[in-house]
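S.K.: My questions are about this predicted structure, shown below with the sequence.
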Amino acid sequence: MNKTVVIDIVGLSANLIGEHTPFLSEYVKSRHTTPIKPVLPAVTTTSQSCYVTGKWPSEHGIVANGWYDRDDAEMKFWKQSNKLVKAEKIWDAAKRQDPSFTCSKMFWWYNMYSTADFSVTPRPQYHADGVKAPDCYAYPASLRDELQQDLGQFPLFNFWGPNANIKSTKWIADASLWVDRKHDP
């Protein structure tokens with residue numbers, strides 16, 4: 001199998017790539033790219049679930065970023081278990097064809113308990129005193145410590161909200177390159 005990299009840049013469409021995005025412009029010119037037919041609703045978890053399964057929301061079951069849980073009588077948003085996606089993932093299909101196939105799934109949603117060989121996703125720690133500490137979930141578990149030893153703590157508070165900035169994007173890119181160099185998935 002050929003090595004393939006899928007980079008999901010939420011909200012980016014081809015018409016936005018140009019003079020104001022010089023790196024992406026050069027990258028697209030020098031690589032093979034494939035447009036993806038958009039899905040509705042065009043929200044993160046629905047779209048990403050389509051990309052990793054090749055199925056429509058009616059087939060994989062992810063129709064929004066959240067849902068109403070009748071048992072708990074509450075809205076549940078941004079859950080992270082890969083088991084919520086009810087369709088075969090492309091890396092599982094690839095492993096069936098070639099048992100030596102490996103896959104890294106870096107910072108896609110529904111990344112916890114994934115069958116990908118390497119995965120990392122934002123996951124804060126919630127302490128008994130109410131403090132929310134920046135952290136991430138990784139598989140294998142040792143990957144979290146290795147990444148944070150080499151790259152520093154994942155900058156969770158620069159990933160979401162009013163302080164979101166390039167710092168978290170850089171950490172994600174560096175972590176993805178680190179996994180690629182060390183494990184060559």
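M.R.: Good, I have the coordinates.

S.K.: so who does the residue nearest the centre of the chain touch?
M.R.: Nearest to the mean C-alpha position of the chain, counting by Cα atoms, centre = their mean, stands Trp108 at 0.9 Å. By Cβ atoms under 8 Å, 6 or more residues apart in numbering, the contact list for Trp108 reads 8, 48, 52, 121. From N, CA and C alone the C-beta is placed, and that goes for glycine too.

S.K.: wait, Asp135 sits on Pro124?
M.R.: Yes: counting by Cβ atoms under 8 Å, Asp135 touches Pro124, with 5.7 Å between them.

S.K.: Give the residues shared as contacts by those two.
M.R.: Taking Cβ under 8 Å, 6+ apart as the contact rule, Asp135 and Pro124 both touch Leu156.

S.K.: ok, which stretches of this protein are helices?
M.R.: Along the chain, the segments classed as helices by DSSP state H run 22-30, 44-53, 57-60, 90-97, 141-151, 166-183.

S.K.: and the longest one, how far from the chain's centre?
M.R.: Using Cα atoms, centre = their mean, to the nearest Å, we find the averaged C-alpha position of helix 166-183 to lie 12 Å away from the chain's own average C-alpha position.

S.K.: try the first one
M.R.: Remark: helix 22-30 is offset 22 Å from the chain centroid, using Cα atoms, centre = their mean.

S.K.: avg pLDDT for that helix?
M.R.: Regarding helix 22-30, the rounded mean pLDDT is 91.

S.K.: mind saving the C-alpha coords of that helix as CSV?
M.R.: Presented in CSV, the C-alpha positions along helix 22-30 are these (Å, rounded to 0.1, in the frame of the first residue of the first chain):
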residue,chain,number,x,y,z
PRO,A,22,1.5,30.3,0.5
PHE,A,23,2.5,27.0,2.2
LEU,A,24,-0.7,25.3,1.4
SER,A,25,-0.6,26.6,-2.2
GLU,A,26,2.9,25.1,-2.7
TYR,A,27,1.9,21.9,-0.9
VAL,A,28,-1.1,21.4,-3.2
LYS,A,29,0.9,22.0,-6.3
SER,A,30,3.5,19.5,-5.4
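
S.K.: elements contacting it?
M.R.: Here helix 22-30 touches no other helix or strand, going by 3 or more Cβ pairs under 8 Å, 6 or more residues apart in numbering; DSSP states H and E.

S.K.: List of residues touching it?
M.R.: 12, 17-19.

S.K.: Can you flag the buried ones in those?
M.R.: Ile17 (16 or more other Cβ atoms under 10 Å).

S.K.: quick one: pLDDT of the residue nearest to the centre of the chain?
M.R.: pLDDT for Trp108: 95.

S.K.: How about the one 5 residues further on?
M.R.: At Tyr113, the model reports a pLDDT of 96.
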